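Peer 1: structure for this input, please:
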Amino acid sequence: MRIGIHTGYWSAGPPPGIEQAVAAADALGVDSVWTAEAYGSDAFTPLAWWGARTRSIRLGTAVAQMSARTPTATAMAALTLDHLSGGRAILGLGASGPQVVEGWYGQAYPKPLARTREYVDIVRQVLERGAPVEYDGQFYQLPLRGEGTTGVGKALRSTVHPLRADLPIHLAAEGPKNIALAAEIADGWLPLFYTPRLDADFRERLAEGFAKRAPVRSAVDAFEVSATVPVVVGDDVEKAADAVRPFLALYIGGMGAKGANFHRDAIDRLGYTDAADEIQDHYMSGRRAEAAAAVPTGLVEDIALVGPREKIAEELVAWERTAVTTLLVQGDATAVQTIAGIVGA
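Peer 2: The predicted model follows:
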């Protein structure tokens, strides 16, 4: 199992010490560094900045939101980063949720699976550069025709020859159908709330997608599963878990409306519906401290690695038996160094 570092979302500004952490990860031989975007910092610019200061670490977006850019604009950003980094880019895509898509980007959210399929199709056309890009889908039409257009739009091919026509595309997915879609059309899956306890269920969803996979796609045994895993090293398990509770409270209670929160749905599938109800009620009433306090330690330990080094090393054995190919550490430099030391990265 490889090790990566997930830098997470920015809050008011760049995460303190992150440039040094990325440089240290590169020197340690860590496989990859990943960025995220919501409605603040973007996912591509930090990778270009940090990529210029590193030598071998792969540069992934986890995730670039599809509604933030047209498929062709996303392909342009990915192929540009891939050239500048010498072939280190990984394009991680995600549909986000209705709160961000409709509230921030001003776009309709329905049918995210069908939209994702079309989006990936177009990105691949740009990267393969076999012909001028043409597409007649439900959500995307290239060239655009019809009422309100000039009628002179022309099918175009990228002026830049991509460094890699097979630049890897990974999909962020939490629901069963989305996980299967990632296995069917992408080169990797980016799970957020993975747990070794449900590994058999996750493998089953992946198998459904692999069964529909087109022969021209990369081999199934090359498929990557890069799971974001919060890591907090410390002698006191409860204190270490406290560092993760606000993260879970935010996703359960604040990342979406009641009844329309896919992160909350993922927590329900882990078996924490009652706790999630309480967390969501607190969070939506403005009681964020109470929401965090209501996060069970068992939930934290399901999706994160917290506590003394010896405990983390013992629990990593279960992670190494899962479908996860890369464990994306979300934590400080100590967390990255601890995990890298245990797995021998």
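Peer 1: hey, where'd the strands end up in the stretch 101-250 of the chain?
Peer 2: Per DSSP state E, counting those that start in this stretch, the stretch 101-250 of the chain carries strands over the ranges 135-136, 141-142, 169-172, 188-190, 224-233.
Peer 1: for R197, which of these is the nearest?
Peer 2: strand 224-233 (13.2 Å; CB to CB). Placement of C-beta: from N, CA and C, glycine included.
Peer 1: who does that closest one pair up with?
Peer 2: strand 188-190 (parallel), strand 305-307 (parallel), strand 326-330 (parallel) (DSSP bridges).
Peer 1: and the residue nearest the centre of the chain?
Peer 2: For the chain, the residue nearest the mean C-alpha position is A62 (3.2 Å; CA atoms, centre = their mean).
Peer 1: the inter-axis angle of the helix or strand of the chain with the lowest mean pLDDT versus strand 326-330?
Peer 2: Sorted by mean pLDDT, DSSP states H and E, the helices and strands of the chain end with helix 18-28, the least confident at a mean of 90. Relative orientation of helix 18-28 and strand 326-330, computed by axes from the mean of the first three to the mean of the last three CA atoms, to 10 degrees: 150 degrees.
Peer 1: in helix 18-28, what counts as buried?
Peer 2: Along helix 18-28, these residues count as buried under the neighbour rule (16 or more other CB atoms under 10 Å): 18-19, 21-26, 28.
Peer 1: cool, stretch 324-340 as well?
Peer 2: Buried residues in stretch 324-340 (16+ other CB under 10 Å): 324-333, 335-340.
Peer 1: of those, which is the nearest to Y283?
Peer 2: The closest of the buried residues of stretch 324-340, once distances to Y283 are taken by CB to CB, is Q330, at 20.1 Å.
Peer 1: list the residues that contact that closest one.
Peer 2: Applying CB atoms under 8 Å, 6 or more residues apart in numbering to Q330 gives the contacts 6, 8, 228-231, 247.
Peer 1: of these, just say which sits nearest to A68.
Peer 2: G8 (17.2 Å).
Peer 1: and the contacts of stretch 336-345?
Peer 2: Counting by CB under 8 Å, 6+ apart, 1-3, 5, 21, 24-25, 28-31, 231, 233, 305, 309, 312-313, 316, 320, 327, 329 sit against stretch 336-345.
Peer 1: got the buried residues of helix 18-28 as CSV, with distance to D166 columns?
Peer 2: Shown next, in CSV, are those (distance: CB to CB, whole Å):
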residue, distance to D166
I18, 30
E19, 30
A21, 30
V22, 25
A23, 28
A24, 30
A25, 25
D26, 24
L28, 27
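Peer 1: related to what we said a few turns ago, turn the contacts of Q330 into TSV, including pLDDT and distance to G40.
Peer 2: Compiled in TSV, the contacts of Q330 are given as follows (pLDDT from 0 to 100; distance: CB to CB, whole Å):
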residue	pLDDT	distance to G40
H6	95	16
G8	88	11
T228	97	18
V229	98	23
P230	97	20
V231	97	23
F247	94	16
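Peer 1: D187 and V225 touch, don't they?
Peer 2: No - checked against CB atoms under 8 Å, the pair D187 and V225 is beyond contact range at 10.8 Å.
Peer 1: more crowded one of those two?
Peer 2: Per other CB atoms under 10 Å, whichever of D187 and V225 has more neighbours is V225, with 23 against 18.
Peer 1: hmm, back to that, so can I have a markdown table of the strands paired with strand 224-233 showing distance to D201?
Peer 2: As requested, the strands paired with strand 224-233 are arranged in a markdown table below (distance: least, CB to CB, whole Å):
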| stretch | distance to D201 |
| --- | --- |
| strand 188-190 | 14 |
| strand 305-307 | 20 |
| strand 326-330 | 19 |
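Peer 1: output those strands as a markdown table; include the columns mean pLDDT.
Peer 2: Shown next, in a markdown table, are the strands paired with strand 224-233 (pLDDT from 0 to 100):
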| stretch | mean pLDDT |
| --- | --- |
| strand 188-190 | 98 |
| strand 305-307 | 98 |
| strand 326-330 | 96 |
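Peer 1: for E118, which of those strands is the nearest?
Peer 2: strand 188-190 (19.0 Å).
Peer 1: quick one: contacts of that closest one?
Peer 2: 62-63, 90, 92, 94, 168-173, 179, 182-183, 206, 223-228.
Peer 1: thinking again about what came up before, now do the same contact list for the residue nearest to the centre of the chain.
Peer 2: Counted by CB under 8 Å, 6+ apart, A62 has contacts 6, 34-36, 43, 92, 170, 172, 190, 226, 228, 328.
Peer 1: V160: which of the residues you listed is nearest?
Peer 2: Closest to V160, out of all of the contacts of A62 and judged by CB to CB, is A43, at 20.0 Å.
Peer 1: is the closest one in contact with T61, as I believe?
Peer 2: Yes - between A43 and T61 there is a contact at 4.1 Å, judged by CB under 8 Å.
Peer 1: where do the contact lists of these two overlap?
Peer 2: Contacts common to A43 and T61, judged by CB under 8 Å, 6+ apart, are 35-37.
Peer 1: tell me the pLDDT at the closest residue to Q138 other than its chain neighbours?
Peer 2: Spatial nearest neighbour of Q138, excluding adjacent residues (CB to CB, 6 or more residues apart in numbering): A114 at 6.3 Å. A114 carries a pLDDT value of 97.
Peer 1: thank you, goodbye.
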